[in-house]
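next input, structure requested:
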Amino acid sequence: MKKKNYKVTTKLPQLPDLDGGEELLNLFDQDNPDINLFNLVDDEMIRLAGSKFLFYKYYQTDEFDEVYMESRSKPIAKVPITVHGHYDPVAMSEELTQFGIELTNDQLFTFNKSYIERKLGRSVIPGDVIKPMFQEQKYEIFEVVEDSFEAYGVYHLVCSAKLLRDSDTVQDTTLTDVSDDIGGYAGIDG
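Next comes the predicted model:
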């Protein structure tokens, strides 16, 4: 069999050394500023189609009441943070069950993960309180689920929340600090 020789009329540029430190081309370059493009578009879409919320951060404590299976002293920030998110308002419905009147609908709130973590300085956690700007209702988050479009680098936090009916005010002092031993409020004459 005869060996063939091919001639190249154009001198090709020298290929970069890919065995060294950094490669010149990489489809998954995390330092590439364009990698965040879809995430920025998603954040802008939530901002345009969503609404503003007052977000009250919950400060977790190690106290846990075994009888009620919850943290009885829930310190919540007095000063809210204004954030943007998306939700579909649901009409409140109360149904009569064998245990009395119960609220049966939960509210879902969606946030762009990188945006909300940047605004709060942490991720959303169960116990945080959300108040939509145009409603006089507050919701307490009880579940946070990450929803992602990993191929595009877009991550959402979908928060399930229940209507907060216990208190009209949000405070950053624990309830045990303002109540007396028999369940009334200390320092309030009445």
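
what does the average pLDDT come to for the helix or strand hosting Lys131?
Using DSSP states H and E, Lys131 maps to strand 129-132. In this model, strand 129-132 carries a mean pLDDT of 93.

and if you look at stretch 160-167?
Stretch 160-167 comes out at a mean pLDDT of 77.

pull out the buried residues from the longest helix anywhere in the chain.
Longest helix in the chain, counting residues (DSSP state H): helix 37-49. For helix 37-49, burial by neighbour count (16 or more other Cβ atoms under 10 Å) applies to Asn39, Asp42, Asp43, Ile46. All C-beta atoms are positioned from the backbone trio N, CA, C, and that covers glycine.

got it, and stretch 54-61?
So for stretch 54-61, counting by 16+ other Cβ under 10 Å, buried means Leu54, Phe55, Tyr56, Lys57, Tyr58.

wait, which of those is closest to Arg165?
For the buried residues of stretch 54-61, the residue nearest Arg165 by Cβ to Cβ is Tyr56; the value is 15.5 Å.

now the closest one: closest residue in space, sequence neighbours ignored.
Val129 (4.0 Å; Cβ to Cβ, 6 or more residues apart in numbering).

ok, what's across the strand from the one you found?
Note on Val129: beta-bridge partners Tyr56, Glu140, judged by DSSP bridges.

and what of Asn112?
Applying DSSP bridges, one finds that Asn112 bridges with His156.

return the residues in contact with it.
Asn39, Asp42, Asp43, Ile46, Val154, Tyr155, His156, Leu157 (Cβ atoms under 8 Å, 6 or more residues apart in numbering).

how about residues contacting whichever strand or helix holds His84?
Following DSSP H and E, one finds His84 within strand 81-85. Here strand 81-85 makes contact (Cβ under 8 Å, 6+ apart) with 46-47, 50-57, 109-111, 115-116, 119-120, 130.
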